[in-house]
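A.B. asks: Fold the following.
(chains A and B)
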Amino acid sequence: MRRAVFVIPVFSIFLLSVALGGAANGQSVFGLNFLGEHNFRGSARYRSLAFSAIAVPDSNHAITLNTASIADLTRMTFSVVEVLGMSRARSDEDISDQNRFHLPEVMIAVPLRKGLVFGVGYRTRFLGRADFSYPRSVPGAPIAYEVYKHRSSLFTAPIALAWKVTEWINIGCELQIDRGSIRDYADVTFNEGNFQQVESMRSRGFSATSWSAAVLIRPVGRFYIGALWDGKVDYDVEESWEYSRAEFDSTALWDFSLPVAYGLGFAVGLTERWWVTSQFWKREAPDPTGFQHLEGSLGSEQLIAFGIERRRVGEGGFFSRLPLRLGFYENRWHVEFPPGEPVHSRFITMGTGFQLPGGPGRLDLSVEVGQIGSVDNNGLDERMVRIGVGLSASEPWSRRKGERGR
Amino acid sequence: MLRRTIHILVTGAAVLVACCSSDPEGPVTKKFLEEGTYGVRAGDTYRFVESASGTTVSLPRGVGSSRLLALGDTSGISFEAILIKFDFTLSEEDSGKTISTAFLHLPVRSAPEGTVQGTDTVPFSLPVAFYELLEEFSEDDTITSVPPYDPMPIPDSLGTTERELSIENTDFDIDKSFVEEWIEGTRQHHGVIILVTEEPEALGLIEMNAREVGSDPPSIRVEFTDTTTAAFASVSDYAVASFEGEGLNCVGGIATRVYFDFTLDGLDERAMIHRSNLVLSVRGEDGFGATPGEWTILGLDPSFNYYLYTPQVGDPADPGFLEGTGVDRGSFVAYETKTLRIPLRGFVRDIVGGLRVNTGLVFQSDLENVRIQRASFYDVTADSLEKPYIEVIYSLPGEFAGGS
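C.D. replies: Numbers count the residues shown, from 1 in each chain, chains lettered A, B, ... in the order given. I've put the predicted structure just below:
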């Protein structure tokens, strides 16, 4: 009861913040291109370790970098993470301040029996959102405006199973139900009465099923190796175009493949409290089917990440009981802008976490400070601060006394 | 301590979130548009102009229900005659009485300013004469020319037939024998016609109450030998007006309409229409929306009320020309407006989309059966800036790169 009194208001404030942020824009301005900005998985703990902790066992969170990690959960665990990004995008001449929200990532994991955990959730793979307009002069007419609206979200609903095979090896796999859409609106409007807005819209609906597998191995002592294989996603794409003149409307079906991605990393416990983590993640360049205008502008995406964590201890002063996390990652995007010039995200990350009062559960915070792109190489950059809040609540997964023997 | 810290952090995050706002992303995203990586581009926007040839089409109408009866000339419209029919039903108490004098009362309400001569102002007047109509008329008739009348004018008691109608001179002595015979029924009374006998020195209208005003109508008033009086009011009255003019003229109440014919063949077949207009340059010196009396006495709006429709058939000789689909309805001040830009709403959109055949547009007074008003426009022979034309502002469909 004491725990519920605490969790409910915290969670309510958390959801309220997400709801209030609904009108804000999403993701980096670079996410306007291709599928959007790649959203790496992981709760606020993993974000504050710069997505480097692929080889970390976790008995508190259901949202991990490595599916096999959740095999260590001994309680039914619900995890959610929400990220707020604040950025300043700059080009040679212009500046734009942006505040954005990611859709929350959620996961619920249920231990079926000791060492065998089933999970299901939601996470966004790619996300892009933008609204912008430009004036346009038309001889003999009032000023017109090109109005653009971009909404992209490719997400997956993972159904996960993780198994602690032995004390030194966990394995996990996911059946991923991949869905999503990319919608682009290109309208022309006049801020004058009696002028009708003309609308052009393209919508691409993506649908696929894919698999991923992961392993977490502890060869010796405090040394862990983690690996993730995220299978090729063969999307069926249903594309439709809609215009103010309905006779121009049309549809098309085509296929788009997101190549296999794989990640490999390690975690070393220097002491009981101090851990060093690292991950290398890569996905080969996708075929530009459906994105022919990006021919020659799509490269492989990769992530190189490092982190260091001082884990909490159950005794000592207030700060001794707080975990401290620090990390750095560099993410090279698929999109090259201009062609041949990769777009890099470089972020320094930090964070901490709190034990939820009254029982098992965590509240984790992360802060990411970095830059996407560069004015010199890409013509524009975006300096960004991301604040992540992750909440994990756990309950023992057992029958009540009175139910036994029934 | 821990709980308080968590609460502060989460609440702080919520406040931060609630206070967030974003700039437009426009300027910084332009690079992605210009270099094509975004792959989406709104279609270009254009203004299409095509001249429209106009024709004035005459469709005789009449305004029998007007509340004022006018006589004179204004803006090319000649109010040639006023027809009045009186009800000579005598009341029982007046039956058998002998008429000593009879007057025709014309309740003038409005007239142009008089002319100053020395210290006096001479009121504007029209020389008129009264005649007997030879045929019945009805306010519902369309009367565009003076109907047949007895050429012998109705004289006054002294035999004079020439009268001066002005705002100060509104009661006219008439030979009582005419009235006696009309009352007794020994003389056919189809009505009285008031005609202007000479071209006046200055143009202008003298306007008087019609019976539709409801009080003080035109009437014949008599005084009996016993000094009692009686009045025989108008039961039907009508102002006969005609119009002759060159160029594109739309006249309500007479009536003429203007037919505009044009082609949209040059318009891009992919055009998505923002707005289309029929643009007319107004010859303001000839326009009016209401006569001076209607404006100042009745308080009617002096705007010209128009109705624009696309006819079923583009041939003015075909009855289908008179019917069609409304495109726009509105008003403008015909003597002040320089350029009239009439929105064509869905008309051009329907033509471009193949939902409608282009049969042109007809511009008419929306008060064609109610009020006499005039609007005139420059035609295709005018300077290029003043010709009638169709204007279409449109964008092409947006372009989306990639796809199947």
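A.B. asks: which one's the longest strand in chain B?
C.D. replies: The longest strand of chain B (DSSP state E) is strand B:229-243.
A.B. asks: Would you mind getting the angle between the helix or strand following that one and strand B:229-243?
C.D. replies: Using DSSP states H and E, the next helix or strand after strand B:229-243 towards the C-terminus is strand B:248-252. Angle of strand B:248-252 versus strand B:229-243, following axes from the mean of the first three to the mean of the last three Cα atoms, to 10 degrees, is 160 degrees.
A.B. asks: Not counting strand B:248-252 itself, show me its contacts.
C.D. replies: For strand B:248-252, the external contacting residues (Cβ atoms under 8 Å, 6 or more residues apart in numbering or on different chains) are B:54-56, B:61, B:76-77, B:243, B:256-258, B:280, B:286, B:304-306, B:363-368, B:370-379, B:388. From N, CA and C alone the C-beta is placed, and that goes for glycine too.
A.B. asks: residues from the stretch 201-350 of chain B in reach of chain A?
C.D. replies: B:Arg270, B:Met272, B:Ile273, B:His274, B:Arg275, B:Pro343 (Cβ under 8 Å from any Cβ of the partner chain).
A.B. asks: Could you tell me the phi and psi values at the third one?
C.D. replies: Yep, that's B:Ile273 we're talking about. phi -80, psi 130 (degrees, to the nearest 10).
A.B. asks: quick one: the strands in the stretch 201-350 of chain A?
C.D. replies: With strands called from DSSP state E, counting those that start in this stretch, the stretch 201-350 of chain A shows them at A:223-230, A:233-243, A:250-258, A:261-269, A:274-283, A:301-310, A:324-336, A:342-355.
A.B. asks: what's in contact with the fifth one?
C.D. replies: Meaning strand A:274-283. Contacts to strand A:274-283, defined as Cβ under 8 Å, 6+ apart, come from residues A:40, A:49, A:51-56, A:65, A:222, A:226, A:228, A:230, A:258-270, A:300-311, A:327, A:334.
A.B. asks: List the buried residues of that strand.
C.D. replies: By neighbour count with 16 or more other Cβ atoms under 10 Å in any protein chain shown, strand A:274-283 contains the buried residues A:Trp275, A:Thr277, A:Ser278, A:Gln279, A:Trp281, A:Lys282, A:Arg283.
A.B. asks: what's the answer for the second one, then?
C.D. replies: Of the residues in strand A:233-243, those buried under the neighbour-count criterion (16+ other Cβ under 10 Å) are A:Val233, A:Tyr235, A:Val237, A:Glu239, A:Trp241, A:Glu242, A:Tyr243.
A.B. asks: Keep those residues, but drop any that are not near chain B.
C.D. replies: The subset of these within reach of chain B, by Cβ under 8 Å from any Cβ, is A:Glu239, A:Trp241, A:Tyr243.
A.B. asks: Now B:Tyr389: closest residue in space, sequence neighbours ignored.
C.D. replies: B:Ser51 (4.7 Å; Cβ to Cβ, 6 or more residues apart in numbering or on different chains).
A.B. asks: go on, A:Leu253?
C.D. replies: A:Glu238 (5.7 Å).
A.B. asks: quick revisit: any chance of the buried residues of strand A:233-243 in JSON lines, plus pLDDT and distance to B:Val348?
C.D. replies: Below are those laid out as JSON lines (pLDDT from 0 to 100; distance: Cβ to Cβ, whole Å):
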{"residue": "A:Val233", "pLDDT": "97", "distance to B:Val348": "47"}
{"residue": "A:Tyr235", "pLDDT": "97", "distance to B:Val348": "41"}
{"residue": "A:Val237", "pLDDT": "97", "distance to B:Val348": "36"}
{"residue": "A:Glu239", "pLDDT": "96", "distance to B:Val348": "30"}
{"residue": "A:Trp241", "pLDDT": "96", "distance to B:Val348": "23"}
{"residue": "A:Glu242", "pLDDT": "97", "distance to B:Val348": "21"}
{"residue": "A:Tyr243", "pLDDT": "97", "distance to B:Val348": "16"}
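A.B. asks: still on that earlier bit, can you tell me which of the strands of the stretch 201-350 of chain A is nearest to A:Arg129?
C.D. replies: Within these, the stretch nearest A:Arg129 is strand A:324-336; the backing value is 16.1 Å (Cβ to Cβ).
A.B. asks: That closest one vs strand A:301-310, what angle?
C.D. replies: For strand A:324-336 against strand A:301-310, the angle by the same axes, to 10 degrees is 180 degrees.
A.B. asks: picking that back up, looking at the sheet around the residue nearest to A:Leu253, what are its partners?
C.D. replies: Beta bridges link A:Glu238 to A:Gly205, A:Leu253, judged by DSSP bridges.
A.B. asks: tell me which residues of stretch B:27-41 are tucked away?
C.D. replies: Quick answer for stretch B:27-41 (16+ other Cβ under 10 Å): B:27-33, B:36-41.
A.B. asks: quick one, helices of the chain?
C.D. replies: The chain I'm using is chain A. Listed in chain order, the helices of chain A (DSSP state H) span A:2-20, A:44-48, A:375-378.
A.B. asks: my bad, chain B
C.D. replies: For chain B, applying DSSP H gives helices covering B:2-18, B:26-34, B:176-184, B:292-296, B:347-352.
A.B. asks: sorry, back to before: could you pull up the residues touching the residue nearest to A:Leu253?
C.D. replies: With Cβ under 8 Å, 6+ apart, A:Glu238 has these contacts: A:Arg204, A:Gly205, A:Ser207, A:Thr251, A:Ala252, A:Leu253.
A.B. asks: distance of the residue of the stretch 151-300 of chain A found nearest chain B from A:Pro338?
C.D. replies: Ranked by Cβ to the nearest Cβ, the top residue of the stretch 151-300 of chain A for proximity to chain B is A:Ser200, at 2.8 Å. Separation of A:Ser200 from A:Pro338 (Cβ to Cβ, to the nearest Å): 26 Å.
A.B. asks: again, but for A:Glu330
C.D. replies: For A:Glu330 relative to A:Pro338 (Cβ to Cβ), the value is 20 Å.
A.B. asks: rewinding a little: of the contacts of strand A:274-283, buried ones?
C.D. replies: A:40, A:49, A:51-56, A:65, A:226, A:228, A:230, A:258-259, A:261-267, A:269, A:301-310, A:327, A:334.
A.B. asks: residues near the residue in the stretch 201-350 of chain B that chain A sits nearest to, how many?
C.D. replies: Ranking the residues of the stretch 201-350 of chain B by distance to chain A (Cβ to the nearest Cβ) places B:Met272 first, at 4.0 Å. Neighbours of B:Met272 under the rule other Cβ atoms under 10 Å in any protein chain shown: 25.
A.B. asks: Tell me which residues touch the residue of the stretch 151-300 of chain A closest to chain B, please.
C.D. replies: A:Ser200 sits next to A:185-187, A:241-244, B:42-43, B:272, B:397-398, B:400 when contact means Cβ under 8 Å, 6+ apart.
A.B. asks: ok, the residues you listed vs A:Val83, which is closest?
C.D. replies: Distance to A:Val83, by Cβ to Cβ, is smallest for A:Tyr185 among the contacts of A:Ser200, at 25.4 Å.
A.B. asks: out of everything not next to it in sequence, what's closest to that closest one?
C.D. replies: A:Tyr185 sits nearest to A:Lys149 (Cβ to Cβ, 6+ apart), 4.0 Å away.
A.B. asks: Also A:Val106?
C.D. replies: Spatial nearest neighbour of A:Val106, chain neighbours left out: A:Val80 (4.6 Å); criterion: Cβ to Cβ, 6+ apart.
A.B. asks: doesn't A:Ile108 make contact with that neighbour?
C.D. replies: No - the criterion here is Cβ atoms under 8 Å, and A:Val80 misses it with A:Ile108 at 9.4 Å.
A.B. asks: per-residue pLDDT, B:Glu246?
C.D. replies: Per-residue confidence at B:Glu246 stands at 83 (pLDDT).
A.B. asks: and what of A:Leu20?
C.D. replies: Confidence score, pLDDT, at A:Leu20: 47.
A.B. asks: Check the one 5 residues further on too.
C.D. replies: Taken from the predicted model, the pLDDT recorded for A:Asn25 is 36.
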